[in-house]
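**Student:** One predicted model, sequence on top.
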Amino acid sequence: MSSSPHDHPLPPPRVEEVSEGVYAYVQPDGSWWINNTGFLAGRRGVICVDACSTERRTRDLRETVGKVSGRPITTLVNTHHHGDHTFGNWLFPEATIVGHEGVRAQILAEGVPSYRGAWSAEVVWGTTEVAPPFLTYTEGVTLYSDELRCEVRHVGPAAHTTNDSIVWIPERRVLFPGDLVFNGGTPFVLMGSVAGAIAALDTLRGLGAQTIVPGHGEVCGPEVYDHVEGYLRFVQETARRGRAAGLTPLEAALETDLGEWGGLLDRERVVGNLHRAYAELDGRPPGAPIDVSAAIQDMIAYNGGRPLSCLA
C-alpha cells in the first residue's frame with residue numbers, strides 16, 4: 001500500500017496572479033507538509049497568507065515575494081496552527097503575525113510537535129523556532145492592501161482544526177480557505193470535526209467565491225466544495241458501518257474500498273478521519289481532544305508499517 005502516488009521529482013513552487021495584486025503561491029504536489037500560501041502586494045507593503053513547513057521552502061517563498069513586489073512584508077496571517085502553515089513564521093521578523101487566539105494557544109502548547117517523527121526521515125526541516133501570532137482575534141480582523149479590503153474570519157465550529165480562519169477578498173471574489181479545502185489531496189479532520197468541516201463548507205459556499213486558493217492543491221473554483229463534502233460524508237458513512245460491525249477505525253479503514261477517493265494523495269488519512277468520526281458517534285463535541293498519537297500510529301499501520309511519505 002503506497003502512502004501517496006507522488007511523481008518524482010516534484011515540480012518547483014510557482015506564482016499565479018489570481019487577481020490584480022493578489023497571488024497564489026502553489027507548492028506541488030500538495031501532499032503531507034507541502035502547502036499553498038499566498039500574498040497581496042500593495043504599494044506600501046505585502047500581506048502574506050501562511051508560511052511553509054521547512055526553512056528552505058519558507059526562504060524560497062520570501063525570495064519569490066521579493067521578486068514580485070520588492071516591498072516589505074508587513075503582515076503574515078496564519079489560517080490555522082498546523083506546522084506546514086506556521087513553522088516558517090520565525091522567518092518573518094519584520095511582519096506582524098496575525099492569527100486566531102486558538103492558533104497562538106495551540107502553537108505555544110505544542111512547540112515543535114514530536115509527531116513529526118511519523119513522516120519520512122529524509123525531510124530536511126531546517127531550523128524551527130516557535131513563533132506564534134502576536135496579534136490575535138476571536139472572530140476576525142479586517143486588513144487592507146492599499147484600498148483592497150481583506151477579511152480574515154474565524155469559521156467558528158471545529159472543522160480542519162479548532163482554530164481555522166479564512167482570508168476572503170470580497171471585491172475580487174477570491175478566497176484563501178486554508179485547509180478547509182484540499183484539491184486533489186485527502187481532506188484531514190483528525191484535530192477538528194467531520195460534521196464541523198461539512199458545516200464550514202456551507203459557510204464557504206455562502207460567500208460566493210469564484211477563485212479559491214486551497215490549502216493544498218491547484219487553484220480552483222467553488223466546484224471543489226462538493227468534492228470535499230462527498231469525501232467527508234463517505235467518512236461518516238464508513239464510521240457508521242464500522243462502529244455497527246464492532247470494528248476499530250483501523251479495521252474499518254482496512255476493510256473499506258476507497259472507491260473514487262482512492263486516487264487522492266495521502267489516502268491513509270482516512271484512518272485519522274475515522275478516529276474523529278468515531279469520537280463524534282460517541283457524542284464527543286467537535287474538536288474535543290482525542291488520542292492523536294494513536295491515530296497517527298494507526299495511519300502508519302495502514303501504510304504497511306512504513307513512515308508516512310513526505311517530500312517537503
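**Tutor:** Yep, that arrived.
**Student:** my read: Asn78 touches Asn89, true?
**Tutor:** Yes - with contact defined as C-beta atoms under 8 Å, Asn78 reaches Asn89; the gap is 7.1 Å. The C-beta positions use only the backbone N, C-alpha and C, and glycine is treated the same way.
**Student:** Please name every helix or strand in contact with the longest helix along the chain.
**Tutor:** Assignment by DSSP state H gives helix 224-244 as the longest helix of the chain. Counting contacts by 3 or more C-beta pairs under 8 Å, 6 or more residues apart in numbering; DSSP states H and E, helix 224-244 is packed against helix 194-207, helix 249-254, helix 269-281.
**Student:** May I see those arranged in TSV, with distance to Thr136 and mean neighbour count as well?
**Tutor:** Converted to TSV, those look like this (distance: least, C-beta to C-beta, whole Å; neighbours: other C-beta atoms under 10 Å):
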stretch	distance to Thr136	mean neighbour count
helix 194-207	20	19
helix 249-254	33	21
helix 269-281	25	25
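**Student:** residue nearest the centroid of this protein?
**Tutor:** For the chain, the residue nearest the mean C-alpha position is Asp179 (2.9 Å; C-alpha atoms, centre = their mean).
**Student:** The residue nearest to that residue when sequence neighbours are not counted: neighbouring residues, count only.
**Tutor:** Spatial nearest neighbour of Asp179, chain neighbours left out: Gly215 (3.6 Å); criterion: C-beta to C-beta, 6 or more residues apart in numbering. Counted with other C-beta atoms under 10 Å, the neighbours of Gly215 add up to 28.
**Student:** so Gly215 touches Pro187, yeah?
**Tutor:** No - assessed by C-beta under 8 Å, Gly215 is found out of contact with Pro187, at 9.8 Å.
**Student:** what's the overlap in contacts for those two?
**Tutor:** His160 (C-beta atoms under 8 Å, 6 or more residues apart in numbering).
**Student:** low-confidence ranges in the stretch 201-312 of the chain?
**Tutor:** By pLDDT under 70, the stretch 201-312 of the chain has no low-scoring segment.
**Student:** about what we covered before: could you tell me the angle between the longest helix of the chain and helix 194-207?
**Tutor:** For helix 224-244 against helix 194-207, the angle by axes from the mean of the first three to the mean of the last three C-alpha atoms, to 10 degrees is 160 degrees.
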